[in-house]
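Novice: output the structure for:
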Amino acid sequence: MTEFIPPGTRWIDLPSPFTMKRGGELHGARVAYETWGRLAQDGGNAILIVTGLSPDAHAAASDDDPQPGWWEAMVGPGKPIDTDRWFVVCVNSLGSCKGSTGPASINPDTGRVYALDFPELSIEDGARAAAHVVDTLGIKRLACLIGNSMGGMTALALLAERPGIARGHINISGAARALPFSIAIRSLQREAIRLDPEWNGGNYGDEHYPESGMRMARKLGVITYRSALEWDGRFGRVRLDSDRADDEPFGLEFEVESYLEAHARRFIRRFDPNCYLYLSRSMDWFDIGEHCSSRCGDHDTDARAALAAIGAGGLEKAMAIGVHTDILFPLQQQEEIAEGLRAGGCDAAFLPLPSPQGHDAFLVDIDRFGPAVGGFLAEL
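Specialist: Reported below is the predicted structural model:
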């Protein structure tokens, strides 16, 4: 598997060894990142974006890489995250295959790809890696920390680990802990990959690659990223033209099936299966209450108490945004974040949006998310 790394990517080396939360350590590890805008002389205009499972650090076009980024409509001059005002940093998650060290990287101790020799990965490991990027860039305190989806978990772990690292926080479709439905879906995705004979215990290559497993995992994911309302409005029961239908027994017959197939095939060779497994499981393990219990030695800390501690730890203003149609990170999880932070004294708002586009709304429904994010940053 060849790592797919955008041309504008830069790297920061992590401390070596880099000790992982659940045991083991990394040597010679690095984190990929990109930046936009200019850091103010006092360093007070920095925004850090931590991402969901699959995005790279290329959130928007830049001089180094003019290709549109995954959040192109949100980041840039005059956009909601205005790079004429803000110095924006986006990091690729530790454990990914988009430039940061992960299971697809070469293990310097063996000269071979890590594969399943990569240490167990936690959300907290990614948070500490992102914090190291902030420190290395000379940023004393972030103006705002923005986390989307899995990045919402990473952001909370970072705020818990480093009180006062940010004045503001926007948590978008994130969660303080994984819920059973989300765990169940991700478990099925991992099983689809592991049951593909070509996965071969994590030892595969470009010629023998678990393509079927990755296709199924991606299809399951895409189904949960959007809502039933959008599927119905977008595809209905429209059937494929006769020349596009699949002649195989029980093959593709409906437009929605064709869409899922095409989407999955675009993804499978652009993301490493083992990285997918590691990052997926890190979300299932995450519980901000357990995180704070292990740090504080208080085994009775729950998510609300942990969030209140974050709210009391120097975070001045926050906003948790969710959508009514999100089944993967449902709305009550963003409400829990806002209420918990508010209990600690933070000025925290909860913003439920009526987007029909489910969990992925923050990527596509810019008409709703843009004013919310831009308005919050304007008040900072």
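Novice: give the contact list for the residue nearest to the spatial centre of the chain.
Specialist: Among the residues of the chain, the one closest to the centroid is residue 52, at 1.3 Å (C-alpha atoms, centre = their mean). Residues counted as contacts of residue 52 (C-beta atoms under 8 Å, 6 or more residues apart in numbering) are 148, 149, 150, 151. Placement of C-beta: from N, CA and C, glycine included.
Novice: tally of neighbours for the first one?
Specialist: As a burial measure, the neighbour count of residue 148 was computed by other C-beta atoms under 10 Å and equals 29.
Novice: likewise residue 225?
Specialist: For residue 225, the count of nearby residues is 21 (other C-beta under 10 Å).
Novice: residue 146 too?
Specialist: 30.
Novice: looks to me like it is in a strand.
Specialist: Yes: counting by DSSP: H, G, I helix; E, B strand; the rest coil, residue 146 falls inside a strand.
Novice: quick one: it and residue 152 touch, right?
Specialist: No: between residue 146 and residue 152 there is no contact under C-beta atoms under 8 Å: 9.0 Å.
Novice: any stretches of the chain with poor pLDDT?
Specialist: 1-3, 243, 291-301 (pLDDT under 70).
Novice: what sits against the closest residue in space to the residue nearest to the centre of the chain that isn't next to it in sequence?
Specialist: In space, and not counting its chain neighbours, residue 52 is closest to residue 149: 3.5 Å by C-beta to C-beta, 6 or more residues apart in numbering. Taking C-beta under 8 Å, 6+ apart, we find residue 149 in contact with 51, 52, 53, 172, 173, 174, 329, 359, 362.
Novice: one more time with 7 Å, if that's ok
Specialist: 52, 173, 174, 329, 359 (C-beta atoms under 7 Å, 6 or more residues apart in numbering).
Novice: equivalent analysis for residue 182, please.
Specialist: Contacts for residue 182 (C-beta under 7 Å, 6+ apart) come out as 328, 329.
Novice: what strand or helix carries it?
Specialist: Element membership for residue 182, per DSSP states H and E: helix 180-194.
Novice: tell me which residues of the next helix or strand after that helix come out buried.
Specialist: Next along the chain after helix 180-194, taking DSSP H and E as the criterion, comes helix 211-225. For helix 211-225, the neighbour count (16 or more other C-beta atoms under 10 Å) marks 211-221, 223-225 as buried.
Novice: list the strands paired with the helix or strand containing residue 351, with their directions.
Specialist: Take DSSP H and E as the rule and residue 351 turns out to sit in strand 347-353. Applying DSSP bridges to the sheet, strand 347-353 is found paired with strand 317-323 (parallel).
Novice: re the thing from before, just the ones of the contacts of residue 52 in strands?
Specialist: residue 148 (DSSP state E).
Novice: the contacts of residue 52: which two are farthest apart?
Specialist: 148 and 150 (7.7 Å; C-beta to C-beta).
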